[in-house]
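Enquirer: Below: sequence and its predicted model.
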Amino acid sequence: MTTSAEIIAKHKRYVIPTYAPGLVLVKGKGTRVWDADGKVYLDFLAGIAVQNLGHCHPRVVEAICTQAQKLVHVSNLYYNENQPRLAEKLANLALHGKCFFANSGAEANEALIKLVRLWGSSKGRHDIITMTNSFHGRTLATLAATGQTKYQEGFAPLTSGFSHVQFNDLESVKAAITDKTAAVLVEAVQGEGGVIPATPEFMQGVRALCDEHGILMLCDEVQCGMGRTGRWFGFQHFDVEPDAFSLAKALGSGYPIGAIVTRPHLADVFQPGKHASTFGGSPLACAAALATIQAIDDEKLLDHATAMGDRFKNGISAMAPRYEHIKDVRGLGLMIGIELDQAAKPIVDKLTENGLISVATGAHVVRFLPPLNVKQTEIDEALEIIDEVMAEVHGITREE
């Protein structure tokens, strides 16, 4: 059996270091993962909100295996039966328009950006307002859209046409709108920005401003979509509908697929030759996504995610008074962050050592993204580990 050390050595020799990986994971089942040395972990990161059904969900595994034996790829020069079936499912979940398929969140957001510019070109509108602390991807356009300078350093000149305003500050959005503005792009919950939910007043206010000025409201649902917050899409918490939104991550339960979903009035802005994707909407990717949607629906995971998210947040809130370094607990559904008054990375490392996988978001937030089908016993197990680690960090015993 290959050891972690051997895999890490080969990785360092041959893989370009765009990440700084930790564990060497070789197996997953449900909410558990195993490393190359046999240690088992409770995975409350879920591939960064990708494994919303946990690892190797039987329905998705069966769909992928069955489709792989039938038809993997034909290109979009031809129809495939799964793509319109998936588009119909997504359109019926929200907006009732049409879909475009890509392979990732960044590609989906690139498609949104191109859609906006094509829509606005005849009107002289091409600028997009985004939020500070937002994250929309690492391609050049989505990097410019992202409202965090730490991701942009070294990549100047950035793509023009983007301005950044304060999240949850409607007046700053209003002040930024000009006769060149085509759209406002917002996340219902800022994930990379620190697990910060939008307020209802902000989301409803952005919708009203866009209607007033005849511009588009766009939502990035790459991380907070597909049931993560207890609704199919994060914006559904706020009684608003955007003109279009992006999806990826959990859409295919680990098989790469991204999408944009539009309202009917934007459904035919793209015409042949205006945008494309070689692999987007392949029979195999769409089979995985169709199985994912069906499993979330059949297993009633939206309600379950809400209940388990409440249990998790309440458990952390109950222990917070004992630990002065915990400053806030926030999130929607199973998208949860603990804000600390100290660096989050050392806490994440200690949690990992104790068998619980999470991730640091920014400097001070520990982010948890458990699978939507996480069991109550697993939530309680995670709370025990968090309690143990926080007690250790504070130099006290849990009984105190």
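Expert: In hand now; what should we look at? Residues are numbered from 1 along each chain as shown.
Enquirer: who touches the closest residue to I7 other than its chain neighbours in this structure?
Expert: Distance criterion Cβ to Cβ, 6 or more residues apart in numbering; nearest residue to I7, sequence neighbours excluded, is V24 at 4.8 Å. (Glycine included, C-beta is placed from N, CA and C.) Counting by Cβ atoms under 8 Å, 6 or more residues apart in numbering, V24 touches S4, I7, I8, D35, A36, D37.
Enquirer: Of those, select the buried ones using a ChimeraX command.
Expert: Here is the ChimeraX command that selects the buried residues among the contacts of V24 (16 or more other Cβ atoms under 10 Å):
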select :4,7,35,36
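Enquirer: what's the closest of the contacts of V24 to E378?
Expert: Using Cβ to Cβ, D35 comes nearest to E378 of those, at 18.3 Å.
Enquirer: partner residues bridging the closest one?
Expert: Beta-bridge partners of D35, counted by DSSP bridges, are L25.
Enquirer: That one contacts G22, correct?
Expert: No - the pair D35 and G22 does not pass the contact test of Cβ atoms under 8 Å, sitting 9.5 Å apart.
Enquirer: Backbone dihedrals for N80, please?
Expert: The phi and psi values for N80, taken as degrees, to the nearest 10, are phi -130, psi 150.
Enquirer: Quick check: closest non-adjacent residue to it.
Expert: Leaving out its chain neighbours, the residue that sits closest to N80 by Cβ to Cβ, 6+ apart is P283, at 4.5 Å.
Enquirer: go on, Q67?
Expert: If the residues on either side of it in the chain are set aside, Q67 comes closest to A287, at 3.8 Å by Cβ to Cβ, 6+ apart.
Enquirer: And for A63?
Expert: Leaving aside its chain neighbours, A63 sits nearest to A291 (3.6 Å; criterion: Cβ to Cβ, 6+ apart).
Enquirer: Contacts only, for that neighbour.
Expert: With contacts defined as Cβ under 8 Å, 6+ apart, the neighbours of A291 are H57, R59, V60, E62, A63, I64, S253.
Enquirer: before we move on, back to that, for Q190, see how far away the residue nearest to Q67 is.
Expert: From A287 over to Q190 the distance is 32 Å, taken as Cβ to Cβ, to the nearest Å.
Enquirer: Buried residues, stretch 90-100. List them.
Expert: By neighbour count, and taking 16+ other Cβ under 10 Å as the criterion, the buried residues in stretch 90-100 are L90, A91, L93, A94, L95, G97, K98, C99, F100.
Enquirer: I appreciate the help and will end here.
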